[in-house]
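1. Fold the following, please.
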Amino acid sequence: MPDEEFLLLGDALWLEFVNTLAALAQPDRLADPAAYLRWTKAVRLDPPPDTTAFDDARRFRDQLLTLARALDSSRNPPPSAIEAINARLVPLDGREQLVRVGGAWQLRFAPARPPSALEAIARSAAETLANPLAIVRLCANPACGLFVVDDSPHQDRRWCSRSRCGLGGRVERRRRTRPTPLVADS
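-> Residues are numbered from 1 along each chain as shown. Have a look, this model is predicted:
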């Protein structure tokens, strides 16, 4: 059953985090420490150890929002956002590990312990930045405001969700382009 409190699109974790603030038609979904705790549970992350992590999480989210806006407008990532991501990755101990994925060998990082919520979010942002095929976009629905990752083969994703914004946008465009029926005078 989908979470009613948080709109989770199944995109990169860091954009799910950014989207708790980014959507134009919604209030801040992480308004208090309890909401942040519920969000970490909704995305299946280890909950923060205490409520002091809340202010840190919101500051990090603001930096990631700046990063998402820069990527959406094809600008270079702000150095402050890269520094914030790298700072979150420093305490993450682990090792590189060779794994077989889809019949091909890949080198992957295996953490020594489960990452904290902010470490997992930082890792997700780093993976998106390191993927040359991933493009961060703002949903094409002007009333939406959510960010998405387009890593489709043709890089033609425009909507956060076909059912939420894509289908409704298509219906509205069709209404605007449909000719007005002629009414006979009586």
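
2. Would you mind finding the longest helix in this structure?
-> The single longest helix within the chain, with elements called by DSSP state H, is helix 53-72.

3. what distance separates that helix from the middle of the whole chain?
-> With C-alpha atoms, centre = their mean, to the nearest Å as the basis, helix 53-72 stands 11 Å off its chain's centre.

4. and that helix, what's its mean pLDDT?
-> Confidence for helix 53-72, expressed as mean pLDDT, is 94.

5. Please spell out which residues along it are buried.
-> For helix 53-72, a neighbour-count test (16 or more other C-beta atoms under 10 Å) marks 53-54, 57-58, 60-61, 63-69, 71 as buried. C-beta: built from backbone N, CA, C; applies to glycine.

6. do stretch 122-135 as well
-> In terms of neighbour count (16+ other C-beta under 10 Å), stretch 122-135 has its buried residues at 122-126, 128-129, 134-135.

7. can I get the CA coordinates of stretch 90-100 in CSV?
-> Only the C-alpha atoms of stretch 90-100 are listed here, as CSV (Å, rounded to 0.1, in the frame of the first residue of the first chain):
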residue,chain,number,x,y,z
VAL,A,90,33.5,10.2,4.7
PRO,A,91,32.3,8.2,7.7
LEU,A,92,30.9,5.4,5.6
ASP,A,93,33.4,2.6,6.0
GLY,A,94,33.4,-0.4,3.7
ARG,A,95,35.2,-2.1,0.8
GLU,A,96,35.0,-2.5,-2.9
GLN,A,97,33.5,-5.8,-4.0
LEU,A,98,33.2,-7.6,-7.3
VAL,A,99,29.6,-8.6,-8.0
ARG,A,100,27.8,-10.1,-11.0
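
8. and the residue nearest to Gln155 when sequence neighbours are not counted, what does it touch?
-> Excluding the flanking residues, the one nearest Gln155 by C-beta to C-beta, 6 or more residues apart in numbering is Ile135, at 5.7 Å. Listed by C-beta atoms under 8 Å, 6 or more residues apart in numbering, the contact partners of Ile135 are 71, 149-151, 155.

9. For Asp93, see how far away Ile135 is.
-> Applying C-beta to C-beta, to the nearest Å, the value for Ile135 to Asp93 is 31 Å.

10. what's the answer for Ala12, then?
-> Separation of Ala12 from Asp93 (C-beta to C-beta) stands at 23 Å.
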